[in-house]
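> below are the sequence and a predicted model for it; my questions follow.
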Amino acid sequence: MKRYFALFLLLVTVILQAVNFISPVAGTALITSSFGEFRGSGNRGPHFHMGIDLSTNMRSGVPILAAADGWLVRVEIDDDDIYGNVVVLEHEDTTRTLYAHLSKFSPKIDSLINSVISEFGKKRIVVNFPAKTFFFKAGEAVGYSGQTGEAAQPHCHFEIRNADETFCYDPANFIEIPRPREASFTVKSLVIDSERYTYVEGKTYPFKDPYPKIMLNVATALNKNVIGLKELKMYFNEILVYDINFGEIPIEEFNNVWSVYSNDSISDGYSYNAWYKLYPDRGTSLVKTNKFPELGRLPARVNVKIVCTDMWNDEFVIRFVVERR
Ligand SMILES: [Zn+2]
(Lines give C-alpha, C1' and ligand atoms only; values in the text may rest on other atoms or scores of the structure.)
Protein backbone atom coordinates (compact mmCIF):
# COMPACT_ATOMS: atom_id res chain seq x y z
CA MET A 1 0.00 0.00 0.00
CA LYS A 2 2.77 2.37 1.04
CA ARG A 3 4.54 1.71 -2.21
CA TYR A 4 1.45 2.66 -4.24
CA PHE A 5 1.08 5.84 -2.23
CA ALA A 6 4.72 6.73 -2.98
CA LEU A 7 4.07 6.06 -6.66
CA PHE A 8 0.98 8.26 -6.50
CA LEU A 9 3.03 11.08 -4.93
CA LEU A 10 5.69 10.67 -7.59
CA LEU A 11 3.06 10.88 -10.34
CA VAL A 12 1.55 14.00 -8.79
CA THR A 13 5.00 15.59 -8.63
CA VAL A 14 5.67 14.70 -12.25
CA ILE A 15 2.34 16.18 -13.33
CA LEU A 16 2.98 19.37 -11.35
CA GLN A 17 6.34 19.82 -13.04
CA ALA A 18 4.99 19.00 -16.45
CA VAL A 19 3.85 22.51 -17.43
CA ASN A 20 5.78 23.38 -20.53
CA PHE A 21 6.34 27.05 -21.05
CA ILE A 22 6.62 28.60 -24.47
CA SER A 23 8.18 31.90 -25.39
CA PRO A 24 5.77 34.86 -25.00
CA VAL A 25 7.10 36.26 -28.29
CA ALA A 26 6.36 34.15 -31.39
CA GLY A 27 9.19 32.95 -33.58
CA THR A 28 12.79 32.73 -32.47
CA ALA A 29 13.05 34.42 -29.11
CA LEU A 30 15.95 36.86 -29.15
CA ILE A 31 16.99 37.75 -25.64
CA THR A 32 18.14 41.30 -24.94
CA SER A 33 18.52 41.15 -21.13
CA SER A 34 19.04 38.17 -18.86
CA PHE A 35 17.73 37.33 -15.40
CA GLY A 36 19.50 38.84 -12.39
CA GLU A 37 21.16 41.69 -14.29
CA PHE A 38 22.02 44.88 -12.46
CA ARG A 39 19.60 47.78 -12.88
CA GLY A 40 20.96 51.06 -11.59
CA SER A 41 18.35 53.68 -12.21
CA GLY A 42 14.63 54.22 -11.99
CA ASN A 43 11.83 54.89 -9.58
CA ARG A 44 12.49 51.88 -7.37
CA GLY A 45 16.24 52.45 -7.01
CA PRO A 46 19.06 50.04 -7.91
CA HIS A 47 17.63 46.52 -8.25
CA PHE A 48 17.94 43.11 -9.86
CA HIS A 49 16.34 42.44 -13.25
CA MET A 50 13.73 39.90 -12.14
CA GLY A 51 12.91 38.51 -15.57
CA ILE A 52 14.24 38.32 -19.10
CA ASP A 53 13.71 40.78 -21.93
CA LEU A 54 12.72 39.43 -25.33
CA SER A 55 13.03 41.49 -28.49
CA THR A 56 9.95 42.58 -30.42
CA ASN A 57 12.25 44.25 -32.98
CA MET A 58 11.61 47.53 -31.14
CA ARG A 59 7.98 47.38 -32.25
CA SER A 60 4.86 48.11 -30.24
CA GLY A 61 1.72 46.08 -30.90
CA VAL A 62 3.41 42.68 -31.23
CA PRO A 63 1.19 40.02 -29.57
CA ILE A 64 2.56 38.91 -26.19
CA LEU A 65 1.53 35.32 -25.68
CA ALA A 66 0.52 33.34 -22.60
CA ALA A 67 3.54 31.11 -21.88
CA ALA A 68 1.25 28.26 -20.77
CA ASP A 69 -2.45 27.63 -20.16
CA GLY A 70 -3.40 29.82 -17.22
CA TRP A 71 -5.92 31.93 -15.36
CA LEU A 72 -5.72 35.71 -15.14
CA VAL A 73 -4.90 36.77 -11.58
CA ARG A 74 -3.94 40.42 -11.92
CA VAL A 75 -3.67 43.43 -14.19
CA GLU A 76 -1.59 46.46 -13.23
CA ILE A 77 -1.63 49.89 -14.83
CA ASP A 78 1.04 52.28 -13.62
CA ASP A 79 3.15 54.23 -16.05
CA ASP A 80 5.23 55.66 -13.17
CA ASP A 81 6.26 52.21 -11.99
CA ILE A 82 9.05 50.23 -13.67
CA TYR A 83 6.69 47.65 -15.21
CA GLY A 84 4.01 49.89 -16.76
CA ASN A 85 1.02 47.83 -17.93
CA VAL A 86 1.22 44.28 -16.58
CA VAL A 87 -0.65 40.99 -16.90
CA VAL A 88 -0.11 38.14 -14.40
CA LEU A 89 -1.33 34.58 -15.05
CA GLU A 90 -1.47 31.58 -12.74
CA HIS A 91 -0.69 28.14 -14.16
CA GLU A 92 -1.63 24.60 -13.30
CA ASP A 93 1.68 23.93 -11.49
CA THR A 94 0.92 27.04 -9.29
CA THR A 95 3.69 29.13 -10.88
CA ARG A 96 2.79 32.57 -12.16
CA THR A 97 3.98 34.42 -15.24
CA LEU A 98 4.20 38.19 -15.59
CA TYR A 99 4.24 40.23 -18.81
CA ALA A 100 5.25 43.90 -18.56
CA HIS A 101 5.50 47.17 -20.56
CA LEU A 102 2.34 46.27 -22.54
CA SER A 103 0.86 48.94 -24.81
CA LYS A 104 -2.58 47.27 -24.84
CA PHE A 105 -4.39 44.39 -23.19
CA SER A 106 -6.07 41.41 -24.81
CA PRO A 107 -9.49 42.32 -26.34
CA LYS A 108 -10.95 39.81 -23.87
CA ILE A 109 -10.23 42.09 -20.91
CA ASP A 110 -9.67 45.46 -22.57
CA SER A 111 -13.23 46.84 -22.20
CA LEU A 112 -13.32 45.77 -18.55
CA ILE A 113 -9.96 47.49 -17.89
CA ASN A 114 -11.17 50.63 -19.70
CA SER A 115 -14.28 50.81 -17.54
CA VAL A 116 -12.09 50.52 -14.42
CA ILE A 117 -9.84 53.30 -15.76
CA SER A 118 -12.81 55.59 -16.49
CA GLU A 119 -14.11 55.02 -12.96
CA PHE A 120 -10.86 55.30 -10.96
CA GLY A 121 -8.57 57.37 -13.21
CA LYS A 122 -5.20 56.10 -14.36
CA LYS A 123 -2.76 56.93 -11.56
CA ARG A 124 -2.13 53.40 -10.39
CA ILE A 125 -4.63 50.62 -10.83
CA VAL A 126 -4.24 47.04 -9.67
CA VAL A 127 -7.12 44.72 -10.55
CA ASN A 128 -7.07 41.35 -8.79
CA PHE A 129 -9.33 38.87 -10.55
CA PRO A 130 -11.45 36.26 -8.75
CA ALA A 131 -10.02 32.75 -9.20
CA LYS A 132 -10.73 31.14 -12.57
CA THR A 133 -12.60 34.01 -14.25
CA PHE A 134 -10.52 34.58 -17.38
CA PHE A 135 -8.67 31.67 -18.96
CA PHE A 136 -5.84 32.09 -21.46
CA LYS A 137 -4.66 29.23 -23.64
CA ALA A 138 -0.93 28.80 -24.16
CA GLY A 139 -0.02 31.00 -27.12
CA GLU A 140 -3.08 33.25 -26.80
CA ALA A 141 -2.29 36.99 -26.67
CA VAL A 142 -2.54 38.45 -23.16
CA GLY A 143 -1.68 41.88 -24.56
CA TYR A 144 0.56 43.71 -27.02
CA SER A 145 4.16 44.87 -26.72
CA GLY A 146 4.92 48.43 -25.74
CA GLN A 147 7.15 50.57 -23.58
CA THR A 148 4.90 51.58 -20.69
CA GLY A 149 6.78 52.01 -17.42
CA GLU A 150 10.55 52.14 -17.55
CA ALA A 151 11.33 50.72 -20.98
CA ALA A 152 13.79 52.50 -23.27
CA GLN A 153 12.25 50.71 -26.28
CA PRO A 154 9.24 48.46 -26.86
CA HIS A 155 10.04 44.88 -25.79
CA CYS A 156 8.62 42.02 -23.75
CA HIS A 157 9.66 41.78 -20.08
CA PHE A 158 8.78 38.28 -18.90
CA GLU A 159 8.93 36.83 -15.37
CA ILE A 160 8.18 33.46 -13.79
CA ARG A 161 7.25 33.59 -10.10
CA ASN A 162 6.26 31.08 -7.44
CA ALA A 163 2.65 30.76 -6.21
CA ASP A 164 2.75 33.51 -3.58
CA GLU A 165 5.08 35.72 -5.65
CA THR A 166 7.91 35.69 -3.10
CA PHE A 167 10.46 34.34 -5.62
CA CYS A 168 11.34 34.97 -9.25
CA TYR A 169 12.95 32.19 -11.29
CA ASP A 170 15.21 32.51 -14.31
CA PRO A 171 12.76 32.09 -17.24
CA ALA A 172 15.68 30.90 -19.38
CA ASN A 173 15.49 27.67 -17.34
CA PHE A 174 11.87 27.20 -18.48
CA ILE A 175 11.64 28.32 -22.09
CA GLU A 176 13.76 27.49 -25.11
CA ILE A 177 16.02 30.37 -26.11
CA PRO A 178 18.38 29.39 -28.92
CA ARG A 179 21.96 30.58 -28.52
CA PRO A 180 22.72 33.12 -31.26
CA ARG A 181 25.94 32.31 -33.11
CA GLU A 182 27.37 35.75 -32.36
CA ALA A 183 27.05 35.33 -28.57
CA SER A 184 30.54 35.50 -27.10
CA PHE A 185 32.06 35.77 -23.66
CA THR A 186 33.82 39.06 -22.92
CA VAL A 187 36.08 39.90 -20.02
CA LYS A 188 36.81 43.60 -19.86
CA SER A 189 38.83 44.13 -16.70
CA LEU A 190 39.36 43.00 -13.17
CA VAL A 191 39.83 44.78 -9.88
CA ILE A 192 41.86 43.34 -7.01
CA ASP A 193 41.89 45.28 -3.73
CA SER A 194 40.65 48.45 -5.48
CA GLU A 195 43.37 48.35 -8.20
CA ARG A 196 42.09 48.00 -11.74
CA TYR A 197 43.93 45.66 -14.16
CA THR A 198 43.56 44.35 -17.69
CA TYR A 199 42.94 40.61 -17.49
CA VAL A 200 45.74 38.50 -18.94
CA GLU A 201 45.39 34.75 -18.60
CA GLY A 202 47.98 33.28 -16.21
CA LYS A 203 49.29 36.66 -15.09
CA THR A 204 50.29 37.34 -11.47
CA TYR A 205 48.59 40.19 -9.62
CA PRO A 206 49.32 41.43 -6.07
CA PHE A 207 46.90 41.02 -3.16
CA LYS A 208 46.65 42.24 0.41
CA ASP A 209 45.70 40.21 3.48
CA PRO A 210 43.42 38.74 4.60
CA TYR A 211 42.31 37.78 1.06
CA PRO A 212 42.12 39.30 -2.44
CA LYS A 213 38.96 41.33 -2.97
CA ILE A 214 38.27 40.46 -6.61
CA MET A 215 35.74 42.13 -8.89
CA LEU A 216 35.17 41.07 -12.49
CA ASN A 217 33.75 43.03 -15.40
CA VAL A 218 32.44 40.19 -17.58
CA ALA A 219 29.39 39.58 -19.77
CA THR A 220 28.07 37.83 -22.84
CA ALA A 221 28.38 40.07 -25.90
CA LEU A 222 25.40 39.77 -28.24
CA ASN A 223 25.01 41.98 -31.31
CA LYS A 224 25.59 45.52 -29.99
CA ASN A 225 24.30 44.43 -26.63
CA VAL A 226 25.77 42.72 -23.57
CA ILE A 227 23.88 40.44 -21.21
CA GLY A 228 24.58 39.19 -17.71
CA LEU A 229 25.85 35.78 -16.61
CA LYS A 230 24.02 32.96 -14.85
CA GLU A 231 26.72 31.85 -12.42
CA LEU A 232 30.26 32.66 -11.29
CA LYS A 233 32.26 30.09 -9.31
CA MET A 234 35.64 31.05 -7.87
CA TYR A 235 38.31 28.54 -6.85
CA PHE A 236 41.50 29.18 -4.82
CA ASN A 237 44.06 26.44 -5.59
CA GLU A 238 41.22 24.35 -7.08
CA ILE A 239 39.02 24.65 -3.96
CA LEU A 240 35.61 26.26 -4.47
CA VAL A 241 35.52 29.33 -2.24
CA TYR A 242 32.70 31.44 -3.68
CA ASP A 243 29.65 30.80 -5.85
CA ILE A 244 27.16 33.41 -7.07
CA ASN A 245 24.12 31.81 -8.72
CA PHE A 246 21.32 33.79 -10.37
CA GLY A 247 18.87 30.87 -10.79
CA GLU A 248 16.23 32.40 -8.50
CA ILE A 249 15.94 35.66 -6.56
CA PRO A 250 13.63 36.28 -3.58
CA ILE A 251 11.47 39.35 -4.18
CA GLU A 252 12.57 40.68 -0.78
CA GLU A 253 16.10 40.88 -2.26
CA PHE A 254 14.90 43.06 -5.16
CA ASN A 255 17.12 45.98 -4.05
CA ASN A 256 19.97 43.90 -2.57
CA VAL A 257 22.16 44.42 -5.65
CA TRP A 258 25.27 45.63 -3.80
CA SER A 259 25.69 42.13 -2.36
CA VAL A 260 26.95 40.83 -5.72
CA TYR A 261 27.55 43.93 -7.87
CA SER A 262 30.02 46.73 -7.15
CA ASN A 263 28.95 50.36 -7.34
CA ASP A 264 31.03 50.83 -10.50
CA SER A 265 28.24 48.95 -12.29
CA ILE A 266 26.19 50.94 -14.80
CA SER A 267 22.79 50.22 -16.29
CA ASP A 268 20.71 53.12 -17.47
CA GLY A 269 18.60 51.52 -20.18
CA TYR A 270 21.15 52.36 -22.90
CA SER A 271 24.43 50.89 -21.66
CA TYR A 272 25.16 47.90 -19.47
CA ASN A 273 28.36 47.35 -17.52
CA ALA A 274 28.26 44.98 -14.56
CA TRP A 275 31.03 44.39 -12.02
CA TYR A 276 30.59 41.13 -10.13
CA LYS A 277 31.87 41.22 -6.56
CA LEU A 278 33.59 37.93 -5.73
CA TYR A 279 33.90 38.31 -1.98
CA PRO A 280 31.34 38.56 0.83
CA ASP A 281 30.14 42.07 1.52
CA ARG A 282 26.52 41.88 2.64
CA GLY A 283 24.25 38.88 3.07
CA THR A 284 22.40 37.40 0.11
CA SER A 285 20.79 34.09 -0.82
CA LEU A 286 22.40 34.37 -4.29
CA VAL A 287 25.75 33.30 -2.83
CA LYS A 288 25.56 29.51 -2.59
CA THR A 289 29.12 28.92 -1.36
CA ASN A 290 31.18 31.26 0.82
CA LYS A 291 34.35 29.73 2.26
CA PHE A 292 35.95 33.09 3.11
CA PRO A 293 35.18 32.95 6.86
CA GLU A 294 37.06 29.65 7.15
CA LEU A 295 39.96 30.34 4.76
CA GLY A 296 42.60 31.09 7.39
CA ARG A 297 45.86 32.64 6.21
CA LEU A 298 46.30 32.10 2.48
CA PRO A 299 49.60 30.88 0.98
CA ALA A 300 51.85 33.60 -0.52
CA ARG A 301 50.72 32.58 -4.03
CA VAL A 302 47.23 31.42 -4.90
CA ASN A 303 45.97 30.10 -8.23
CA VAL A 304 42.63 31.71 -8.92
CA LYS A 305 40.15 30.11 -11.28
CA ILE A 306 36.76 31.68 -12.01
CA VAL A 307 34.26 29.61 -13.96
CA CYS A 308 31.69 31.90 -15.61
CA THR A 309 28.47 30.30 -16.89
CA ASP A 310 26.32 32.11 -19.43
CA MET A 311 22.55 31.78 -19.82
CA TRP A 312 22.96 28.89 -22.26
CA ASN A 313 25.04 26.99 -19.65
CA ASP A 314 28.24 27.46 -21.62
CA GLU A 315 31.31 27.95 -19.44
CA PHE A 316 34.27 30.25 -19.77
CA VAL A 317 37.23 29.91 -17.42
CA ILE A 318 39.35 32.80 -16.15
CA ARG A 319 42.72 31.92 -14.62
CA PHE A 320 45.34 34.05 -12.93
CA VAL A 321 47.62 34.08 -9.88
CA VAL A 322 47.53 36.37 -6.86
CA GLU A 323 50.65 36.95 -4.79
CA ARG A 324 50.81 38.56 -1.35
CA ARG A 325 52.51 41.93 -1.62
ZN1 LIG B 1 13.05 43.58 -18.35
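Here it is on my side, so go on. Numbering: from 1, shown residues only.
> so which bits of the protein are right by the ion?
Residues of the chain lying close to the ion by C-beta under 5 Å from the ion are 53, 157. From N, CA and C alone the C-beta is placed, and that goes for glycine too.
> all the helices of the chain, residue numbers only.
2-16, 107-120 (DSSP state H).
> for the ion, give me its nearest residue in the stretch 1-150 of the chain.
Residue nearest to the ion within the stretch 1-150 of the chain: residue 53 (4.1 Å; C-beta to the ion).
> report pLDDT for that residue.
Note on residue 53: pLDDT of 96.
> go on, residue 310?
On the pLDDT scale, residue 310 gets 96.
> contacting residues around it?
When contacts are counted by C-beta atoms under 8 Å, 6 or more residues apart in numbering, residue 310 touches 183, 185, 220, 229, 230, 316.
> what's the answer for residue 85, then?
75-77, 79, 100-105, 143, 146, 148-149.
> residue 258 too?
So residue 258 contacts 46, 277, 281, 282 (C-beta under 8 Å, 6+ apart).
> excluding covalently adjacent residues, which one is nearest to the residue of the stretch 1-150 of the chain closest to the ion?
Nearest residue to residue 53, sequence neighbours excluded (C-beta to C-beta, 6 or more residues apart in numbering): residue 33, at 3.8 Å.
> distance of the one you found from residue 230?
13 Å (C-beta to C-beta, to the nearest Å).
> more crowded one of those two?
residue 230 (24 against 21; other C-beta atoms under 10 Å).
> check the gap between that one and the ion for me.
16 Å (C-beta to the ion, to the nearest Å).
> which residue does the stretch 201-325 of the chain bring closest to the ion?
For the stretch 201-325 of the chain, C-beta to the ion, closest residue to the ion: residue 269, 10.1 Å.
> cool, the chain as well?
Closest point on the chain to the ion, by C-beta to the ion, is residue 157, at 3.4 Å.
> so for that residue, what's the pLDDT?
98.
> got a list of what the residue of the stretch 201-325 of the chain closest to the ion touches?
41, 150, 151, 152.
> adding neighbour count and pLDDT as columns, could you present these in a markdown table?
Converted to a markdown table, the contacts of residue 269 look like this (neighbours: other C-beta atoms under 10 Å; pLDDT from 0 to 100):
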| residue | neighbour count | pLDDT |
| --- | --- | --- |
| 41 | 14 | 79 |
| 150 | 20 | 90 |
| 151 | 19 | 90 |
| 152 | 10 | 89 |
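> the residue of the stretch 1-150 of the chain closest to the ion reaches residue 159, doesn't it?
No - between residue 53 and residue 159 there is no contact under C-beta atoms under 8 Å: 10.5 Å.
> skipping adjacent residues, who's closest to the most centrally placed residue in the chain in space?
With distances taken as C-alpha atoms, centre = their mean, the residue of the chain nearest its centroid is residue 35 (1.4 Å). Nearest residue to residue 35 in three dimensions, chain neighbours excluded: residue 170, at 4.0 Å (C-beta to C-beta, 6+ apart).
> still on that earlier bit, among the contacts of residue 85, show me the least confident.
The minimum pLDDT among the contacts of residue 85 falls on residue 79, with 82.
> give me every residue that touches that one.
So residue 79 contacts 85, 122, 148, 149 (C-beta under 8 Å, 6+ apart).
> my guess is the residue of the chain closest to the ion contacts residue 101. True?
Yes - counting by C-beta under 8 Å, residue 157 touches residue 101, with 5.4 Å between them.
> what are the contacting residues of stretch 317-325?
Under C-beta under 8 Å, 6+ apart, the answer for stretch 317-325 is 187, 190, 192, 199-209, 212, 216, 218, 298, 300-308.
> now do stretch 229-246
For stretch 229-246, using C-beta under 8 Å, 6+ apart, the contacting residues are 34-36, 170, 172, 214, 216, 218-220, 228, 247, 260, 276, 278-280, 286-292, 295, 298-299, 302-311, 313.
> what's the answer for stretch 101-108, then?
60-61, 64, 75, 83-87, 110, 113, 134, 136, 140-149, 151, 154-157.
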